[in-house]
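# quick one, what's the 3D model for this:
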Amino acid sequence: MATCSPSTGDVDETNDPGAAPYGNFINYYTFNPPENRLSLIPATLLQDLGYSDGRQTTLILDVGCNSGELSVAFYKHLVPEPVCHEESDRRKVNLLGFDLDEILIERAQQNNPLPGSISFIPLDVTKDTDQLQAHLSQHGCSHFHLCLCLAVTMWVHLNHGDTGLLQLLSRLASISQHLLLEAQPWKCYRSAARRLRKLGRSDFDHFKSLKIRGDVAQHAREHLERHCGMELVQSFGSTTWDRKLLLFKRR
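Next up, the predicted model:
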């Protein structure tokens, strides 16, 4: 899953992946490179959250990971390379990325430089989370320590409506200790709908009927805090695309 482009809001997808109606752009990280987010996130984030004592494996979940470039860059940003003859911190941090696009997941799997620490699976989180629960059980954990949901909410919102968006947030909150959220602003919704129309395709089923509009990030925050037992603990500022990076924690 992905996002809309800066300023113009139009990505040239006319060579068809069909305007990427689920955000599954085939070359997403060429126009929104990982550095756009990583420049805002401290490399000490795991330590800051208390996940560096080494007593158990730290589990990270990347929702809608596309072809995996950000997953790998995020992992390397937070987990230092091992020093020769010292135990690797990378044995203690495990990242699972998933996306509903199986082709993108195949690419992520093929290009994965750290298969012992990072894994990718095809999954539609709006349908089930059985594989996520199995992953947690495999590591003896009840929750992911850190969940990344970056530029995903809009695509679930457009394709599954207000109910789908709120269910996604609730579902992620139920399996996460910390949730790092980047919600697309409303201008991106308009851009996504315009891309479909320019290709002569039908509009998103729910676009015109959505009641959650305007400051979507604020709506998401209110839902997480009022209904999901989470609280906002930090904002890392806004990306070059004017997206807030918000960190929530289970109360």
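# so where is the stretch 1-150 of the chain shaky, pLDDT-wise?
Low-confidence segments of the stretch 1-150 of the chain (pLDDT under 70): 1-19, 54, 83-91.
# that one: strands as residue ranges?
Taking DSSP state E, counting those that start in this stretch, the strands of the stretch 1-150 of the chain run over residues 58-63, 93-99, 118-122, 144-150.
# which one of the ones you listed lies nearest to K244?
With C-beta to C-beta as the criterion, K244 lies closest to strand 144-150 of the strands of the stretch 1-150 of the chain, at 11.2 Å. (C-beta placed from N, C-alpha, C; glycine too.)
# got the angle between that closest one and strand 58-63?
20 degrees (axes from the mean of the first three to the mean of the last three C-alpha atoms, to 10 degrees).
# only the buried residues of the helix or strand harbouring R190, if you could.
If you go by DSSP states H and E, R190 is part of helix 186-198. Neighbour counts over helix 186-198 (16 or more other C-beta atoms under 10 Å) mark C188, Y189, S191, A192, A193, R195, L196 as buried.
# TSV for those residues, including pLDDT?
Formatted as TSV, these follow (pLDDT from 0 to 100):
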residue	pLDDT
C188	93
Y189	94
S191	90
A192	91
A193	90
R195	85
L196	84
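# what's the most distant pair in these?
Within the buried residues of helix 186-198, C188 and L196 form the most distant pair, 13.1 Å apart (C-beta to C-beta).
# which is the next helix or strand following the helix holding R190?
Scanning onward from helix 186-198 (DSSP H and E), the first element met is helix 216-227.
# what comes up buried for that following helix?
So, applying 16+ other C-beta under 10 Å, buried residues of helix 216-227: V216, A217, H219, A220, R221, H223, L224.
# in the sheet, who's paired with G97?
Per DSSP bridges, the residues bridged to G97 are D62, F120.
# need the contact list for it.
Under the criterion of C-beta atoms under 8 Å, 6 or more residues apart in numbering, the neighbours of G97 are L61, D62, C65, G68, S71, A108, I118, S119, F120, I121.
# related to what we said a few turns ago, what would the strands of the stretch 1-150 of the chain look like in CSV with distance to T239?
CSV is the format used below for those (distance: least, C-beta to C-beta, whole Å):
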stretch, distance to T239
strand 58-63, 16
strand 93-99, 19
strand 118-122, 23
strand 144-150, 9
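# can you tell me which strand in this structure is longest?
The longest strand of the chain (DSSP state E) is strand 230-238.
# just the C-alpha atoms of it, please, in CSV.
C-alpha atoms of strand 230-238 as CSV (Å, rounded to 0.1, in the frame of the first residue of the first chain):
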residue,chain,number,x,y,z
MET,A,230,-4.1,4.0,23.2
GLU,A,231,-2.7,7.4,23.8
LEU,A,232,-0.5,9.7,21.7
VAL,A,233,2.9,9.9,23.2
GLN,A,234,4.9,11.7,20.5
SER,A,235,4.7,13.4,17.1
PHE,A,236,7.9,13.2,15.0
GLY,A,237,6.7,16.1,12.9
SER,A,238,5.7,16.1,9.3
